[in-house]
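J.: just the structure for this:
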Amino acid sequence: MRSVRSGSPCRVVASSAGDLAAAFGYDNSMERSIGFPAIILLVDDDDGLRGFVRRVLRPHGFNIKEASDGVEALKVAAYAERIDLLLTDVIMPNMTGVVLAERLLLERPGVPVLYMSGYVEKSMVLAKHPEFIFLQKPFTPDGLIVAVRQLLASKEE
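T.: Residues are numbered from 1 along each chain as shown. The predicted model follows:
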């Protein structure tokens, strides 16, 4: 028997996309239970970071609504049918991410919040809201995806 090395061509035959996903160990049960595409309100004053987050999350089936600060985010949220997750920077002009989350939760109780920052100490943010997650910048694409999925899964429980 010949061993398969990295980069070796192969052919996979599956009767359905689900069978193919299962063959490679992909479990989409979370996606089905969350009701994908989940809608994420992404708020950061850095255009480059918003672009990075969008490029990481969209291929995983997430629908991204964007805002550059808290004031704009509340306007976006006012017209959104639903928001499944708030992903926000902590330090922004006009309104901090913590104030944004408090205001959004008044209108939409139960929306999970994923804070991200390169400047703020995690304990300062989570002292007020220990049920949320804090992601320290810079973060990896995998770290972002895991944090988003974890919060969305906790929303369903």
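J.: for the chain, what spans make up the strands?
T.: 39-43, 63-67, 85-89, 113-117, 133-136 (DSSP state E).
J.: mean neighbour count and mean pLDDT added to those strands, as a markdown table?
T.: From N, CA and C alone the C-beta is placed, and that goes for glycine too. Formatted as a markdown table, these follow (neighbours: other CB atoms under 10 Å; pLDDT from 0 to 100):
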| stretch | mean neighbour count | mean pLDDT |
| --- | --- | --- |
| strand 39-43 | 23 | 98 |
| strand 63-67 | 17 | 97 |
| strand 85-89 | 25 | 97 |
| strand 113-117 | 23 | 93 |
| strand 133-136 | 18 | 89 |
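J.: in CSV, list the ones you listed along with distance to residue 147.
T.: What follows is the strands of the chain, written out as CSV (distance: least, CB to CB, whole Å):
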stretch, distance to residue 147
strand 39-43, 11
strand 63-67, 15
strand 85-89, 9
strand 113-117, 6
strand 133-136, 5
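J.: in the protein, where is pLDDT below threshold?
T.: Where the chain drops to pLDDT under 70, the residues are 1-36, 157.
J.: give me that answer again for 80
T.: For the chain, residues meeting the criterion pLDDT under 80 lie at 1-36, 120-131, 155-157.
J.: what helices or strands is the longest helix that it contains leaning on?
T.: Selection of the longest helix in the chain by residue count, based on DSSP state H, yields helix 141-156. Where contact means 3 or more CB pairs under 8 Å, 6 or more residues apart in numbering; DSSP states H and E, helix 141-156 is packed against helix 29-34, helix 47-57, strand 85-89, strand 113-117, strand 133-136.
J.: tell me which residues in it are buried?
T.: Buried residues in helix 141-156, counted by 16 or more other CB atoms under 10 Å: 144, 147, 148, 149, 151, 152.
J.: between the residues you listed, which sits nearest residue 138?
T.: residue 144 (10.4 Å; CB to CB).
J.: pretty sure the closest one is touching residue 56, no?
T.: Yes - between residue 144 and residue 56 there is a contact at 5.5 Å, judged by CB atoms under 8 Å.
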